[in-house]
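Peer 1: this is a predicted model, with the sequence first.
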Amino acid sequence: MKTETHVVIGRAISRYLHLDPRLEKCFIRGLKKPDLKAKRRGRRVYRHHGIYPKSIMHIVWSARRAYLARDYEKALEILGVALHYLQDKCVIGARKSSRRIHNRVEREIASLEIPVDAIREGFDRAECSPLFVRTVLYSIKPSTNPAEALRNACLYSAMITGAVYNSSQPPRELLEILEKIKMEKMERKKKMKKIVWIPITLLIVGLALIPIQPLVSTTLLALSLIYLLLSLISIHTTNPQLHEQLAWYGLE
Ligand SMILES: [Zn+2]
């Protein structure tokens, strides 16, 4: 996608969010950055068009962290970079075989009006969650149709912006789940403390039996080790999706 198209999409999003000129400038700077970086290094801009969703997700996380730290200028600049890559992915790839179509689609997109309704729809559908961001990133399909590519670029950009540039206050349900997990962990720890004599006895008896009963001793030592490992796992096991959702609000 042409740099000026990234800029007009960014301006439309900025208008929707009522960003002040200072913040808009940071956002636009981020949106231009990947192209400027590629040109500065003398590389073809095409190179970053096939970036993996995982890499974009990584950038989105950095933007969210800056947002949570209330560094809105930094958050918007980083978000701008992520959106640039996302928008490029909405257009058919620039591999040698499809480069001619890619260039034509890019040119035609640059002459189209921004579909403001797609931006509105994206913000309406946005959910403040990393799972939502990942689902959107992995659902992007490149298009050969200029209007469709632009519409998707606007829709997905608004969805991701709505997920990142949103509340830093965790929803009540999430806090309740966090509280429940903490309580459960405490309960488990208490239970462990009550029966901690079992692995310790196994360990002492195992060590004492080394010279006379090496086989029994090895079994006892292995049992105490397994016991300790299982205890540690049961205390530290968490649901990775939940862990991620908590991190999205800076709770982990
Ligand atoms: Zn680009």
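Peer 2: Structure received. Residues are numbered from 1 along each chain as shown.
Peer 1: C-alpha from now on. contacts and neighbour counts both.
Peer 2: OK.
Peer 1: quick one: residue 249 and residue 103, what's the gap?
Peer 2: 40 Å (C-alpha to C-alpha, to the nearest Å).
Peer 1: which one's more surrounded, those two?
Peer 2: Remark: of residue 249 and residue 103, residue 249 carries more neighbours, 21 against 17, as counted by other C-alpha atoms under 10 Å.
Peer 1: where does the stretch 101-250 of the chain have low pLDDT?
Peer 2: By pLDDT under 70, the weakly predicted segments of the stretch 101-250 of the chain are 235-238.
Peer 1: on the three-state scheme, the residue nearest to residue 157 when sequence neighbours are not counted is what?
Peer 2: The shortest distance from residue 157 to any non-neighbouring residue, by C-alpha to C-alpha, 6 or more residues apart in numbering, is to residue 83 (5.8 Å). Under the three-state scheme (DSSP: H, G, I helix; E, B strand; the rest coil), residue 83 adopts helix.
Peer 1: can you give the domain ranges for this protein?
Peer 2: 3-164, 172-248 (automatic domain parsing).
Peer 1: just say which of those domains is most tucked in.
Peer 2: With neighbours taken as mean count of other C-alpha atoms under 10 Å, the domains of the chain reach their highest mean count in domain 3-164, at a mean of 19.
Peer 1: centroid-nearest residue for this structure?
Peer 2: residue 57 (3.9 Å; C-alpha atoms, centre = their mean).
Peer 1: within the helices and strands, which one has that residue?
Peer 2: Here residue 57 sits within helix 53-68, counting by DSSP states H and E.
Peer 1: kindly report the same for residue 121.
Peer 2: helix 116-125.
Peer 1: which helices and strands sit right next to the next helix or strand after that helix?
Peer 2: Where DSSP H and E defines the elements, the next helix or strand beyond helix 116-125 is helix 130-139. On a contact count with 3 or more C-alpha pairs under 8 Å, 6 or more residues apart in numbering; DSSP states H and E, helix 130-139 meets helix 53-68, helix 146-164, helix 240-248.
Peer 1: Three-state assignment for the residue of the chain positioned farthest from its centre, please.
Peer 2: In the chain, the residue that sits farthest from the middle, by C-alpha atoms, centre = their mean, is residue 212; the gap is 56.9 Å. What three-state DSSP gives for residue 212 is coil.
Peer 1: so it versus residue 230, what's the distance?
Peer 2: The spacing between residue 212 and residue 230, counted by C-alpha to C-alpha, is 29 Å.
Peer 1: how far off centre is the host helix or strand of residue 22?
Peer 2: If you go by DSSP H and E, residue 22 is part of helix 21-40. On the basis of C-alpha atoms, centre = their mean, to the nearest Å, helix 21-40 sits 21 Å off its chain's mean C-alpha point.
Peer 1: contact partners of that helix?
Peer 2: With C-alpha atoms under 8 Å, 6 or more residues apart in numbering as the test, helix 21-40 has contacts from 3, 6-7, 10-11, 14, 44-45, 48, 72-74, 76-85.
Peer 1: with that, I have no additional questions.
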